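Compute the structure for the input listed below.
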Amino acid sequence: MKIFIALAPHLQVKKNGGTINMKQDLSSQGYQIIREIERHQNQGEVTYQGLALKQDQEVVIKEFRFADSDANWAGFEAYEREVEILKELEHPRIPNYVDSLETTEGFCLITKYQKAIL
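Have a look, this model is predicted:
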């Protein structure tokens with residue numbers, strides 16, 4: 001079984017002019033995007049550093065864009081498995097599950113932001 005976990009908050013992708021290219025505004029769902037961390041265009045995945053507005057807590061928002069023409073809907077099963085596994089895990093080196101939500105483009109998995117341990 002292949003398990004995908006968002007453990008890359010130390011990677012930063014610099015965007016021209018500081019613009020973040022997320023197709024959804026998540027503020028109505030209680031989250032704000034701070035910056036893009038990583039992009040896997042061929043898999044339809046984009047990872048952002050964000051903020052849980054109600055808790056004032058840094059989070060990682062992993063967006064799965066299944067509606068993009070290049071994305072593969074087979075990734076939906078991996079997304080579902082990742083959510084279920086993260087809900088059950090408690091380990092100091094694995095970011096805690098916070099939330100998951102549906103967007104018009106696909107889904108977002110939200111975990112606690114955790115600085116990389118080198």
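
Burial check on the closest residue to residue 35 other than its chain neighbours, number of neighbours?
Nearest non-adjacent residue to residue 35, counting by C-beta to C-beta, 6 or more residues apart in numbering: residue 49, 5.2 Å away. Where C-beta positions appear, they are placed from N, C-alpha and C, glycine not excepted. By the criterion of other C-beta atoms under 10 Å, residue 49 has 16 neighbours.

ok, now residue 86?
21.

So residue 113 versus residue 64, what's the distance?
18 Å (C-beta to C-beta, to the nearest Å).

follow-up on the earlier one: show me the contact partners of the helix or strand encompassing the residue nearest to residue 35.
Using DSSP states H and E, residue 49 sits in strand 45-52. Taking contacts as C-beta atoms under 8 Å, 6 or more residues apart in numbering, the residues outside strand 45-52 that touch it are 6, 8-9, 20, 22, 26, 30-40, 57-65, 75, 98-99, 110, 113.

and stretch 92-100, which residues are buried?
Across stretch 92-100, burial judged by 16 or more other C-beta atoms under 10 Å covers 94, 95, 97, 98, 100.

Isn't residue 112 up against residue 94?
No. Between residue 112 and residue 94 no contact is recorded; they are 9.6 Å apart, counting by C-beta atoms under 8 Å.

residues touching residue 88, list them.
Contacts of residue 88 by C-beta under 8 Å, 6+ apart: none found.

Look up phi and psi at it.
Note on residue 88: backbone dihedrals following degrees, to the nearest 10 are phi -90, psi -20.

what do you get for residue 29?
Main-chain dihedrals, residue 29, degrees, to the nearest 10: phi -100, psi 10.
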